[in-house]
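*Asks:* this one's sequence-less:
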C-alpha cells in the first residue's frame, strides 16, 4: 500500500536525501518518493504505519502529516491566506516608498528619490537574506536560472544586493549599479516568470527564508518595478 504525506521544513535536495534515508529505517517501509517543490512524500509500506512512528525518526526541523484533500469551499480561503502571507512584502514596499519620498519632500527630485528607493530596497532585502544565509542559496536556486547552474551565485547574491544598495545610497558608480541591477534582476525575473507559467508552488526567497512567502505575481511585480526604475534611470543619464 502507498500513503501520501506532507513534509514541511525541507529546503534543498540534501534535506530530501536525509528525510528519505531516515524514513527508510522505519520497519515496514519499502520505498519513499519525495517531491521537494510540493513538500510531498509517497511512502510504500507492507502494513499501515502510525504517523507517530514516522515522525519519531525525523529531526524536529521537519514536520510530517497525512496529506489532506482541500474541499472546493476552502479554495478561496487558501487564496486569502496567500495574500495574508504577502503582507510583510507589501508593508516593506510601502515603508521604502515613504522613506524615499520623505527624504526629498523639501527639495523634490524624482531621480534622487528613485536612487534612494533602490538603495534602501537592496539594503533591506539583503538584511533578511543574511538572517538565514545558510539556507537561502538552496531556496533561491529553486527558481533563479543562474543559481541553479552555479550554486556559489546563491551564496554571493546577498552580498551583491548589499553592495548595490551601498552604491546607490552613496551615489558611487551609478551607471554600473544600474546595469548590474538590470542583469541581476533580469535573470531572476526570467526564473520567476517560468515558475509562475509552470504554476509551481514554491517559496519565494526575496526576503530570505526567515519569512515564508509564496511565489506569486507579487514577486514578478517587485522585480519589474526595480527593473523599470533602473532602465528609466539609465536612459536618462
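*Replies:* Structure's in. What do you need? It should be emphasised that the depicted structure is a prediction, and the values quoted were computed from it without experimental measurement.

*Asks:* Stretch 34-53: which residues count as buried?
*Replies:* 34, 36, 39, 41, 43, 45, 49 (16 or more other Cβ atoms under 10 Å). C-beta coordinates here come from the backbone N, C-alpha and C atoms, glycine included.

*Asks:* Skipping adjacent residues, who's closest to the second one in space?
*Replies:* By the measure of Cβ to Cβ, 6 or more residues apart in numbering, the closest residue to residue 36 outside its immediate chain neighbours is residue 16, 5.3 Å from it.

*Asks:* again, but for the last one
*Replies:* Computed as Cβ to Cβ, 6+ apart, the closest residue to residue 49 that is not its neighbour in sequence is residue 28, at 5.3 Å.

*Asks:* Just list the residues touching that neighbour, thanks.
*Replies:* Neighbouring residues of residue 28 by Cβ atoms under 8 Å, 6 or more residues apart in numbering: 45-47, 49.

*Asks:* can you list these in CSV and add distance to residue 105, secondary structure and pLDDT?
*Replies:* As requested, the contacts of residue 28 are exported to CSV (distance: Cβ to Cβ, whole Å; DSSP: H, G, I helix; E, B strand; the rest coil; pLDDT from 0 to 100):
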residue, distance to residue 105, secondary structure, pLDDT
45, 65, strand, 88
46, 71, coil, 81
47, 70, coil, 82
49, 64, coil, 86
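
*Asks:* now, among those, which is nearest to residue 58?
*Replies:* residue 49 (13.1 Å; Cβ to Cβ).

*Asks:* Might one say that that closest one is in contact with residue 26?
*Replies:* Yes - if you go by Cβ atoms under 8 Å, residue 49 and residue 26 touch, sitting 6.3 Å apart.

*Asks:* returning to that earlier point: ok, the residue nearest to residue 49 to residue 46 distance?
*Replies:* 5 Å (Cβ to Cβ, to the nearest Å).

*Asks:* who touches residue 188 in this structure?
*Replies:* Applying Cβ under 8 Å, 6+ apart, the residues near residue 188 are 143-144, 223.

*Asks:* what's the helix or strand for it?
*Replies:* According to DSSP states H and E, residue 188 maps onto helix 174-197.

*Asks:* same thing with residue 96?
*Replies:* When elements are assigned from DSSP H and E, residue 96 belongs to helix 87-102.

*Asks:* Next secondary structure after that helix?
*Replies:* helix 110-130.

*Asks:* Helix or strand with the lowest mean pLDDT in this structure?
*Replies:* helix 75-85 (a mean of 57; mean pLDDT, DSSP states H and E).

*Asks:* Quick check: buried residues in stretch 138-158?
*Replies:* 138-144, 146-147, 153-154, 157-158.

*Asks:* now the end-to-end length of that stretch.
*Replies:* Counting by Cα to Cα, to the nearest Å, you get 13 Å between the two ends of stretch 138-158.

*Asks:* Could you give the average pLDDT over that stretch?
*Replies:* Mean pLDDT, stretch 138-158: 91.

*Asks:* Give me the contacts around that stretch.
*Replies:* Against stretch 138-158 from outside (Cβ under 8 Å, 6+ apart): 11-15, 36-37, 126, 129-130, 133, 136-137, 184, 187-188, 190-192, 194-195, 202-203, 205, 208-209, 215.

*Asks:* Selecting buried members of the residues you listed in PyMOL, what would you type?
*Replies:* For the buried members of the contacts of stretch 138-158, the matching PyMOL selection, counting by 16+ other Cβ under 10 Å, is:
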select buried, resi 11+12+15+36+126+129+136+137+184+188+191+192+195+202+203+205+208+209+215
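
*Asks:* if we can go back for a sec, list the contacts of the helix or strand hosting the residue nearest to residue 36.
*Replies:* Element membership for residue 16, per DSSP H and E: helix 13-23. Residues outside helix 13-23 that contact it (Cβ under 8 Å, 6+ apart): 7, 9-10, 29, 32, 34, 36, 41, 43, 54, 57-59, 62, 138.
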